[in-house]
Every structure is written in structure tokens, then in C-alpha cells.
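J.: Mind looking at a prediction? Sequence and model below.
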Amino acid sequence: MNHVVMLIQENRSFDHYFGQMTVYRTANGYPINGSPATIEDESAGSFSNFSQATGASIAAYHSGSVCTEDLTPAWTETHKNFDWENPAGASSSSPMDGFVQLAVQISQYAATLGIQMTDQDGHRVMGYFDGNDLNYYYFMASNFALGDHFFSPVPSYSPAQRGFLFAATSQGYVHDPGPGKLTAKTIWQELDSAGVSWKIYSEETNLYTYLQDFAYYNQAGVSAHVASIDQFFTDAAAGQLPAVSYIETGLNDGLSEHTSNFDPANPQQGEPPINVQVGAQYASKIINSVMQSPSWSDSVIFFAHDEGGGFFDHVPPMSVPSPDGIKPVDLTSSDVPGDFTITGSRVPNMVISPFAKKNFVSHTPMDYTAYLRFIETRWGLPTLTARDAAMPDMTEFFDFTNKPWATAPSPPAQNMSGTCDFSKQ
């Protein structure tokens, strides 16, 4: 494998996107390999969360809208999602019972900002999409490989998650550390030391990347590794992708599948609703460009979402080792206590490669610092922290002998006919 591409979208849980994967695979004749021969999705049982607004439970349901009102995956809120009565005790045995009640609180908070949300009983967190809504993702995840116990690394939101994606730690930050605050060694630094090529391709017009949170970004020549997403398409078409690529998706550009539709700090200038089909269509453009490129024969695309986004998932977080023993350094008086020994929620994911096992489902628990372990294994690099050292190297996803997808499949165009209507969310 000579080309690794990491594409991380925003704020969706496994059940929210892939909760109907078993139904889809059964209807379309896809086998489910692995042991046990099943997928841990919402077909595994009946799932609901209690709503204090109605005094009744709200069951998982098929959303009628491809847009959803605001939720949050922040530190305290994620712990409340996992365990409403005892968020500080969130663990791998949490009841996963706070999603709806937290969504109610968010709607109530929005009202104090002069924003009247359509959903006042919190039902939006229980909505899921299916193989018609997200037909491209379902097709790709069914043909290639996915993991049904695949988690975000930390129970918080994007800045901390990206720290773990780059360095297998956020050095104690659960909120945004700010530019240059992180001094931990990154995977990019290891690649540089080994003479392995890499680029970060940014969707932002100013070429923003979360690598700017690391002091390493300010070293000579490092920022030159950051290019525009347009350059990614050019490099892919020319067969000139570096050994390791990362797509830095824009947060609120309508392409990353982020949930935000208003800015609490500036509610009079709210963000437009984010349409998941727009995000999936854009992701398909990136993925297809690699499948159609001269580099396909020796490439892998690791695709996931950076955190659950506040959407319901029925599987509790996994227990993991603290990466470096550092306790949270930026908790506020309103934050629940905790540490870095549980992950965030399960997230949608897939492994796309000519070497990916067909129709494969991994049941091995891991967070996406496993991507770092794969890169480290491939290029003989040391692990960064105790976290990536504890992850599997992901070789179970591949068949390096038979090359099952030497000829890439022809995926469908992403369905764009969904309704964006909060009254139907």
C-alpha cells in the first residue's frame, strides 16, 4: 500500500447513518462476513430514549428530513448522552439514555437566544437514514469493508478529536486548545523524519487545518504541506498523490455533514441547514477521484466521521488507555469531570481499497487512532502514545494476496431528492 487517504466528515453516529445496514444488505443480497455473522446496528433490537418534554420514550425512526436542527458533541453533553443520571460516571457500560433529554435542553437554550426550534421534544436525535437516503455510503460500505465497533477517540468535539487523529492525544484538551498550543509529536512529524511524503488538503479558502493547533505547524517548511482541495483532485488525476493524504473538511460549508444550523454566539446570523445528501455527494467526489485515478492499484481510503454529533447510538463507548496520563486541563466549572479512558460514540466508517475484503464487517473495537497504527506499521514508524499503541493495525480489513477490488466497482450517484424540512425531521 503506497497511498493512504484519510477523509473525516462531521458529526454523525453509526446508528444515525448506518443503523439500517443489515436491512440494506439483506434486501440487496450482500453477505455479512465475520463472526458473529451480523452487524451491530438498530436491527439488533428496539431502541428509545425518554423525553422529559412528553413524559414518554421516543423510539428510533426513519427521518423525513435530510436536514436536522442543531445538536452538539461537546465534552459535557456527550457524557450526558451516555449517562443522563451520572454523566461523570460515563463508561463502557453506560445506558446511552440521555440523547433525547439533552436535545430538549438544546432547544430550550436556543429559545433564550431568540431561536425557536421546530423540535421541542428532542425526537430529532432518534432519527436515522437508510440505504435510499445515503445510497452511495450504503453501497460503498457494503461492497468494501466497515467496522461496527469503530469509535471516535474522545468524548468531545472536533478540536480534541483532530488532536487524536494527528497525534493520538490532545494533551489534556477537551475543548479548543488554540493555535500552537499542542507540542505532542504528530504523525506528520514522524513521516517527515522518515522521508515519507504527505499533504493535508484543505477545503477552507484560507487553507485552515487543525494542524495549526500544533507547534510543529510553525516549523520551517511544514505549512507548505497544506494545499487546496482542488490540488487534491489534480494530484489524484495525475497519479501524484503523496504517501499519506488527509482531507481537512470545512466545518460549516455544507459539505462536511456538520449538524449546525445556527451560531449560538451570533444567533442573528445563523448557519444554513446542512443537508446530509450534499455532504455525501461531496464525499463521493473525493472517493471516486481516487478509485478512478492511476494510484488506485496501491491506495486505501479510510473514511469516517469525527464524532457522533449528538445523534443516538445504542452501543456504549469503549474503554481505552489514557494516551499519556494527562488529565483534562481545560475543564470549566460547568463541565463534568472525566479523563481520556473512554472513547466517543461509534461513527460511520469504511475502508475502501483494491485490497479491501469484499463485504467485510469487522467487530473489533477500535477508535480511529487505528489509522495512525496502520500508517506506523506500513512505514515502520514508532507509535505516538499508549492510545495508538493499543489499537489494531487494521490488517484484518485487507486481503493482500487476492486483491479483491483490483477493478473498482461502479457506485451509484448519491441520491439528492431528500427533503430538507425541519417539520419532518
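T.: Perfect, I can see it now. Fair warning: this is a prediction, and the values are worked out from it, not measured in the lab.
J.: Check which helix or strand Glu190 maps to.
T.: helix 187-194 (DSSP states H and E).
J.: Which residue ranges of the chain form helices?
T.: Assigned by DSSP state H, the chain shows helices spanning 14-18, 21-28, 75-82, 99-112, 135-143, 158-167, 187-194, 229-237, 276-291, 370-379, 386-389.
J.: what is the mean pLDDT for stretch 60-80?
T.: On average, the pLDDT along stretch 60-80 is 95.
J.: partners of Leu182 in the sheet?
T.: Per DSSP bridges, the residues bridged to Leu182 are Phe214.
J.: which residues of this structure score low on pLDDT?
T.: Applying pLDDT under 70 to the chain flags residues 34-37, 251-254, 260-271.
J.: what residue is smack in the middle of it?
T.: Closest to where the C-alpha atoms of the chain average out (Cα atoms, centre = their mean) is His305, at 1.4 Å.
J.: ok, residues contacting the helix holding Glu190?
T.: In this structure, residues lying in contact with helix 187-194 by Cβ atoms under 8 Å, 6 or more residues apart in numbering are 166-167, 197-198, 200, 211, 216, 222, 225, 243-244, 372, 375-376, 379-382, 384. Quick note: C-beta positions are derived from backbone N, CA and C, even for glycine.
J.: Next, the buried residues of that helix.
T.: Residues 187-192 are the ones in helix 187-194 that count as buried (16 or more other Cβ atoms under 10 Å).
J.: between these, which is nearest Glu248?
T.: Trp188 (12.2 Å; Cβ to Cβ).
J.: any idea how far that closest one lies from Asp230?
T.: 21 Å (Cβ to Cβ, to the nearest Å).
J.: Ok, Gly344 next?
T.: Distance from Gly344 to Asp230, by Cβ to Cβ: 31 Å.
J.: okay, the two: which has more neighbours?
T.: In this view Gly344 and Asp230 are compared by other Cβ atoms under 10 Å, and Gly344 has more residues nearby, 30 against 10.
J.: which residue packs closest to the more buried one, ignoring adjacent ones?
T.: Ser152 (3.5 Å; Cβ to Cβ, 6 or more residues apart in numbering).
J.: one step back: residues touching the residue nearest to the centre of the chain, list them.
T.: Contacts of His305 (Cβ under 8 Å, 6+ apart): 8-13, 17, 152, 257, 347-349.
J.: Now with 7 Å, please.
T.: Listed by Cβ atoms under 7 Å, 6 or more residues apart in numbering, the contact partners of His305 are 8-12, 347-348.
J.: circling back: would a markdown table of the helices of the chain with distance to Asn359 be doable?
T.: Listed next are these as a markdown table, based on distance: least, Cβ to Cβ, whole Å:
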| stretch | distance to Asn359 |
| --- | --- |
| helix 14-18 | 14 |
| helix 21-28 | 8 |
| helix 75-82 | 31 |
| helix 99-112 | 30 |
| helix 135-143 | 6 |
| helix 158-167 | 27 |
| helix 187-194 | 30 |
| helix 229-237 | 26 |
| helix 276-291 | 17 |
| helix 370-379 | 20 |
| helix 386-389 | 28 |
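J.: And these: which comes nearest Val125?
T.: helix 99-112 (4.2 Å).
J.: Buried residues, the closest one. List them.
T.: In helix 99-112, counting by 16+ other Cβ under 10 Å, buried: 99-104, 106-107, 110.
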